[in-house]
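Chemist: Model the structure of this input:
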Amino acid sequence: MTRARRWSGLLLLLSASAAFAQSASLRVSAEGSVARSGSAVYPSDARLSTVALAAHVDLDAYLLGAAWLRPELERDQLRLRAGVVYELGAIRRAAMASGDDAMADAGAAFQRWFAGLPVTGRRTGVTLDPSRLEVTPAEDWPVHDGDRLFYPRRPTNVRVVGAVEKPCRLPQVATRDARRYLADCPRSPAADPDAIYVVQPDGMVFRQNVALWNRDAARVLAPGAWIYVPFAEKAIAGATDGRFNRDVAGFLATQLLDEGAR
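Modeler: As a prediction, the model looks like this:
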């Protein structure tokens with residue numbers, strides 16, 4: 001074999017190795033309260049801890065509201081939002097047909113607001129605390145190309161939306177039961193009188209019964225939580241598939257904390 005052929009073969013091998021290395025790498029971003037924001041390239045076996053540690057998460061980052069954003073989840077969330085918007089239209093039309101102006105108006109207002117919420121691709125129910133990920137392999141999930149980690153600052157409010165007179169941002173009070181916030185954000189006549197949905201900033205969703213006859217134990221909200229006041233189940237039964245209120249709460253769980261409203 002001539003020297004030229006040997007060099008040619010070596011160059012081909014190096015080129016193939018470089019191409020394989022490139023194909024086996026991932027580009028993942030870290031954003032928000034981190035020292036090293038932006039995208040970076042990681043090995044194909046990178047995990048959440050790999051990205052979190054490399055990003056140098058700020059000490060004052062609000063870890064409970066940190067979010068793992070995955071492009072592959074966006075399609076299902078887009079469908080979920082579209083389904084809720086469609087059913088809100090059905091609720092409004094049914095209410096207009098039956099002369100229930102309060103339900104028709106509440107459905108129309110919430111439809112306009114809900115349709116403007118972004119699709120984030122957030123995967124809920126995971127921890128993004130770098131220290132915890134290091135010592136808890138079962139929670140240290142593999143990352144994928146195009147993923148993003150978002151670390152917000154600690155907010156100071158909670159949000160109340162749904163079948164209310166108007167959406168509210170209220171100061172978070174450390175020991176206040178979730179239902180007590182409704183005193184400052186009145187429900188509309190379209191609201192279900194028996195329950196609310198609590199969406200904590202880590203994306204966990206809880207139904208809380210609030211009527212005198214079925215009242216659950218108090219549930220304290222973390223900063224950045226949502227309260228979704230559901231539409232009256234009996235009133236919307238003919239216009240929805242029975243999962244409407246749970247679907248709304250589930251989509252709210254995918255939203256990121258609004259750092260601009262502290």
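Chemist: Skipping its backbone neighbours, what lies nearest Asn157 in space?
Modeler: If the residues on either side of it in the chain are set aside, Asn157 comes closest to Arg169, at 4.8 Å by C-beta to C-beta, 6 or more residues apart in numbering. Placement of C-beta: from N, CA and C, glycine included.
Chemist: quick one: average confidence on the helix or strand encompassing the one you found?
Modeler: Using DSSP states H and E, Arg169 sits within strand 168-171. Mean pLDDT, computed over strand 168-171, is 98.
Chemist: Can you show me the CA trace of that strand as PDB?
Modeler: Only the C-alpha atoms of strand 168-171 are listed here, as PDB (Å, rounded to 0.1, in the frame of the first residue of the first chain):
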ATOM      1  CA  CYS A 168     -56.200  37.700  39.500                       C
ATOM      2  CA  ARG A 169     -52.600  37.900  40.700                       C
ATOM      3  CA  LEU A 170     -52.500  37.900  44.500                       C
ATOM      4  CA  PRO A 171     -49.700  38.000  47.000                       C
END
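Chemist: how far out from the middle of the chain is it?
Modeler: 19 Å (C-alpha atoms, centre = their mean, to the nearest Å).
Chemist: Who is the residue nearest to Asn157 paired with across the strands?
Modeler: On the basis of DSSP bridges, Arg169 is bridged to Arg159.
Chemist: That one is in contact with Thr156, isn't it?
Modeler: No - judged on C-beta atoms under 8 Å, Arg169 makes no contact with Thr156 at a distance of 9.6 Å.
Chemist: In terms of packing, which of those two has more residues around it?
Modeler: Neighbours per residue, other C-beta atoms under 10 Å: of Arg169 and Thr156, the larger number sits with Arg169, 15 against 12.
Chemist: Can you tell me how far the residue nearest to Asn157 is from Gly224?
Modeler: When C-beta to C-beta, to the nearest Å is the yardstick, Arg169 and Gly224 sit 11 Å from each other.
Chemist: before we move on, what about Pro130?
Modeler: 20 Å.
Chemist: who has more neighbours, those two?
Modeler: The residue with more neighbours, out of Pro130 and Gly224, is Gly224; 28 against 22, by other C-beta under 10 Å.
Chemist: who touches that one in this structure?
Modeler: By C-beta atoms under 8 Å, 6 or more residues apart in numbering, Gly224 lies in contact with Tyr62, Leu64, Gly65, Pro152, Arg154, Pro155, Asn157, Val158, Gln172, Pro201, Leu257.
Chemist: Skip the chain neighbours and tell me the closest residue to the fourth one.
Modeler: Excluding the flanking residues, the one nearest Pro152 by C-beta to C-beta, 6+ apart is Leu257, at 4.2 Å.
Chemist: Mind listing what's buried along the strand or helix carrying Glu134?
Modeler: Using DSSP H and E, Glu134 falls within helix 130-135. If you call a residue buried by 16 or more other C-beta atoms under 10 Å, then helix 130-135 has these buried ones: Pro130, Leu133.
Chemist: What of stretch 145-159?
Modeler: Asp147, Arg148, Leu149, Phe150, Tyr151, Pro152, Arg153, Arg154, Pro155, Asn157, Val158, Arg159.
Chemist: Mind pulling the model confidence for the second one?
Modeler: To tie it back to what came earlier, the one meant is Arg148. Reading off the model, Arg148 has pLDDT 98.
Chemist: leaving aside the residues next to it on the chain, what's closest to Ala104?
Modeler: Ala95 (3.9 Å).
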